[in-house]
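Please work out how this folds:
(chains A and B)
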Amino acid sequence: MAQAPEPAVIRADHLDLTFQTDDGPVHALRDVTLDIPNGAFVSFIGPSGCGKTTLLRCIAALETPTGGSLTVNGMTADEARRARAYGYVFQAAGLYPWRTIGGNIRLPLEIMGFSKAEQRERVARVLDLVELSQFEKKFPWQLSGGMQQRASIARALAFDADILLMDEPFGALDEIVRDRLNEELLRLWDKTNKTIAFVTHSIPEAVYLSTHIVVMSPRPGRITDVIESPLPKERPLDIRDTPQFIEIAHRVREGLRAGYEE
Amino acid sequence: MTDATVATQGAMRRWPRWLSLPPVLAMVLALIAIWYVAAVPMNVHEVLTRAERAGIAVSPDSAVLRRDMSALALVARNPGTLGESWSLDRPRLPAPHQVLVELYDSTIVEEVTGRRGIVRTGSLSNRSLVYHGWVTLNATFVGFLIGTALGVVLAVGIVHSRVMDLSVMPWAIVSQTIPIVALAPMIIVVLYSIGIQGLLPKAVISAYLSFFPVVVGMVKGLRSPGAMQMDLMRTYNAPASTVLWKLRLPASVPYLFASLKIGIAASLVGAIVGELPVQQGGLGARMLAGSYYGQTAQIWAALILAAALAALLVWAVGWLERRTLARMGMAA
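Residues are numbered from 1 along each chain as shown, chains lettered A, B, ... in the order given. Here you go, the predicted model:
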């Protein structure tokens, strides 16, 4: 892909996942083959039911595929989970109401056995990264939704996993906040050199953020197109008005439409 | 959502507190009025008997006839001779002021001026309600602690083990369907036979009543973290013990306090029931003694003290709840 010599961090090969329900089997994923290279920012986009979240959950070993193979950092997904290879950001911030913002970010560090000094240092660093430094002692309810989501990203970054998995993290936020967070996320990605897998249902968001856009379609959940973005790494918000951007967005839309019409 | 939402939280308009006083006061006055009115027919037989002895004409003048007549009919036929309804020595239903006098006599008067009172002897008089209330309170506390600990431990087991979920919960429910008054004497007899007496048997009965709400509330509370919260813990590869300490237990605190409020009131009831067959002090013993000797005012005084204690205990748990949740940042 983009950087040919880079080994794939996440490699899915003919991945299948079928849920058995009372109404018969549901093919959440069928024959998904995908390589995510190191340092890539990959967006999964598609209508609901296309399996984009399911695929992300498979990578996180929160779901178990029923067929095919999936490796993360060269290990099985579950081994990678045990090795704490990724940070996961959910659609809702899901901060613990009984912990302060600092306490919430410290949670994974406590569980993973970092020393007290290291915990302090890391919490300060990631809070600075998401620009919430002066909110360390505040409780979640004292913060707005966007700030809470930034705190949850800081929580996922705190233990320095190489992979960041994000499941529609900005889906519940308004457009203006979302734009700002998108910009911040790109800056973060640039600073930390992480591999990011990002689920969204917003075309502009996917095009703006990604190096690779994976277009998916439902019934059965599958990949219909993988678009490598020619956009430069430096992306001001107004890049969205350039013809290049609009052209990629158009291709994504076509891909989504094709998935529907089949 | 914007940063401005922060400011609006916690600013809910409330009525000033004193505005709730008139309705509360009106309710209390109404209850007292009903009580006074009810005391007249309840005590009418005794009142007429005493009036007859004092030489006043009552209707009908035969005690046997009166015995078989309804109280309301007697009241209607003797409206002029009911003066003693609220001042009998041994009323069936003592008037509120009689109960208050008994309360005052058996607490402050007994302790301050009584031969065995705390002023003369330095220890609480065994004839005072203060002493009996204290005895009951001790059993209540010990029972409450045992019951709460047992409830939490069982709930943790039930949440973590399917076998316990299937085996313990039905028994916990069955245990609460047995009337405690039937079970209490057996518990006391069984414990006595293995040499346990005094405070502990009462505390066991108290715990028997209070563990159940704690089990039910805690099972619900420990299971309250959503799928996402559990998934998050899974992404950290957190062991079950960590999930318990860092997620399940903190999340269950609001549920625990709701259960503790029920539990502490149940503990008090358990302690009182446990005192009925033992007769070694306590509000339960006091109530039973009152009924043996026809001292209804004594029963009512003990009842009112028990009710006041229950209210105080529930309020205390509520206070602790508010403080704890505020500290945990969950008061909003």
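
how many neighbours does residue A:198 have?
Neighbourhood size, residue A:198 [other CB atoms under 10 Å in any protein chain shown]: 27. For every residue, glycine as well, the C-beta is placed using N, CA and C.

Quick check on it: phi, psi?
The phi and psi values for residue A:198, taken as degrees, to the nearest 10, are phi -130, psi 120.

Look up how far residue B:65 lies from residue B:110.
Per CB to CB, to the nearest Å, residue B:110 is found 42 Å from residue B:65.

I should have written residue A:223 there, sorry.
Following CB to CB, the distance that separates residue A:223 from residue B:65 is 99 Å.

Of the two, which one has the most company?
Between residue A:223 and residue B:65, counted using other CB under 10 Å, the more crowded position is residue A:223 (25 against 11).

show me where chain A has helices.
In chain A, the helices defined using DSSP state H lie at A:52-59, A:77-82, A:101-111, A:116-129, A:145-157, A:175-192, A:203-209, A:243-261.

possible to save the ones you listed as TSV with mean neighbour count?
Rendered in TSV, the data for the helices of chain A read as follows (neighbours: other CB atoms under 10 Å in any protein chain shown):
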stretch	mean neighbour count
helix A:52-59	24
helix A:77-82	18
helix A:101-111	22
helix A:116-129	16
helix A:145-157	25
helix A:175-192	16
helix A:203-209	23
helix A:243-261	15
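
Columns distance to chain B and mean pLDDT on top of those, output as a markdown table?
Compiled in a markdown table, those are given as follows (distance: least, CB to the nearest CB, whole Å; pLDDT from 0 to 100):
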| stretch | distance to chain B | mean pLDDT |
| --- | --- | --- |
| helix A:52-59 | 8 | 90 |
| helix A:77-82 | 5 | 87 |
| helix A:101-111 | 5 | 93 |
| helix A:116-129 | 14 | 91 |
| helix A:145-157 | 3 | 90 |
| helix A:175-192 | 7 | 86 |
| helix A:203-209 | 18 | 89 |
| helix A:243-261 | 27 | 84 |
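
Residue B:133: which of these is closest?
Closest to residue B:133 of those, according to CB to CB: helix A:101-111, at 42.7 Å.

and the closest one, how far from the chain's centre?
Put simply, helix A:101-111 sits 20 Å off its chain's centre (CA atoms, centre = their mean, to the nearest Å).

for it, packing partners?
Contact here means 3 or more CB pairs under 8 Å, 6 or more residues apart in numbering or on different chains; DSSP states H and E; on that basis helix A:101-111 packs against helix A:116-129, helix A:145-157.

Repeat the analysis, applying 10 Å as the threshold.
helix A:116-129, helix A:145-157, helix B:227-235, helix B:240-243 (3 or more CB pairs under 10 Å, 6 or more residues apart in numbering or on different chains; DSSP states H and E).

got those helices as CSV, with distance to residue B:79 columns?
Listed next are the helices and strands packed on helix A:101-111 as CSV, based on distance: least, CB to CB, whole Å:
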stretch, distance to residue B:79
helix A:116-129, 82
helix A:145-157, 72
helix B:227-235, 71
helix B:240-243, 73
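
Among those, which comes closest to residue B:215?
Of the helices and strands packed on helix A:101-111, nearest to residue B:215 by CB to CB is helix B:240-243, at 19.5 Å.

and after that closest one, which helix or strand comes next?
Per DSSP states H and E, the first helix or strand lying C-terminal to helix B:240-243 is helix B:249-275.

Report all helices and strands that that following helix contacts.
Contact partners of helix B:249-275 among helices and strands, from 3+ CB pairs under 10 Å, 6+ apart: helix B:129-160, helix B:180-193, helix B:199-222, helix B:283-292, helix B:296-327.

Quick one: closest of the helices and strands packed on helix A:101-111 to residue A:211.
Closest among these, using CB to CB: helix A:145-157, at 18.8 Å.

what's the angle from the closest one to helix A:175-192?
Angular relation of helix A:145-157 and helix A:175-192 on a 0 to 180 degree scale: 20 degrees, by axes from the mean of the first three to the mean of the last three CA atoms, to 10 degrees.

Which elements pack onto helix A:145-157?
Applying 3+ CB pairs under 10 Å, 6+ apart, one finds that helix A:145-157 makes contact with strand A:86-89, helix A:101-111, helix A:116-129, strand A:163-167, helix A:175-192, helix B:227-235.

what residues go with each domain of the chain?
I went with chain A, as the question did not name one. Here the domain parsing of chain A from automatic domain parsing is A:1-85+A:162-262, A:91-160.

ah, I was thinking of chain B
Each domain of chain B is listed here as a residue range: B:20-92, B:129-327, per automatic domain parsing.

which one of those domains lies closest to residue A:154?
domain B:129-327 (13.9 Å).

thinking again about what came up before, can you tell me which of the helices and strands packed on helix B:249-275 is packed in deepest?
helix B:199-222 (a mean of 25; mean count of other CB atoms under 10 Å in any protein chain shown).

Next, see if it gets close to chain A.
No - using CB under 10 Å from any CB of the partner chain, helix B:199-222 stays clear of chain A, coming no nearer than 12.6 Å.

Please save the CA atoms from that helix in PDB.
Extracted in PDB, the C-alpha atoms of helix B:199-222 (Å, rounded to 0.1, in the frame of the first residue of the first chain):
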ATOM      1  CA  LEU B 199     -26.900  -9.800  72.000                       C
ATOM      2  CA  LEU B 200     -25.900 -12.200  69.200                       C
ATOM      3  CA  PRO B 201     -29.100 -14.200  68.700                       C
ATOM      4  CA  LYS B 202     -31.100 -10.900  68.400                       C
ATOM      5  CA  ALA B 203     -28.400  -9.600  65.900                       C
ATOM      6  CA  VAL B 204     -28.800 -12.800  63.900                       C
ATOM      7  CA  ILE B 205     -32.500 -12.300  63.600                       C
ATOM      8  CA  SER B 206     -31.800  -8.700  62.700                       C
ATOM      9  CA  ALA B 207     -29.300  -9.800  60.100                       C
ATOM     10  CA  TYR B 208     -31.700 -12.400  58.700                       C
ATOM     11  CA  LEU B 209     -34.100  -9.600  57.800                       C
ATOM     12  CA  SER B 210     -31.500  -7.000  56.600                       C
ATOM     13  CA  PHE B 211     -29.300  -9.200  54.300                       C
ATOM     14  CA  PHE B 212     -32.100  -9.700  51.700                       C
ATOM     15  CA  PRO B 213     -32.500  -6.100  50.500                       C
ATOM     16  CA  VAL B 214     -28.700  -5.800  50.300                       C
ATOM     17  CA  VAL B 215     -28.400  -9.000  48.200                       C
ATOM     18  CA  VAL B 216     -31.100  -7.800  45.800                       C
ATOM     19  CA  GLY B 217     -29.800  -4.300  45.500                       C
ATOM     20  CA  MET B 218     -26.200  -5.300  45.200                       C
ATOM     21  CA  VAL B 219     -26.800  -7.900  42.600                       C
ATOM     22  CA  LYS B 220     -28.500  -5.200  40.600                       C
ATOM     23  CA  GLY B 221     -25.800  -2.700  41.300                       C
ATOM     24  CA  LEU B 222     -22.900  -5.000  40.500                       C
END
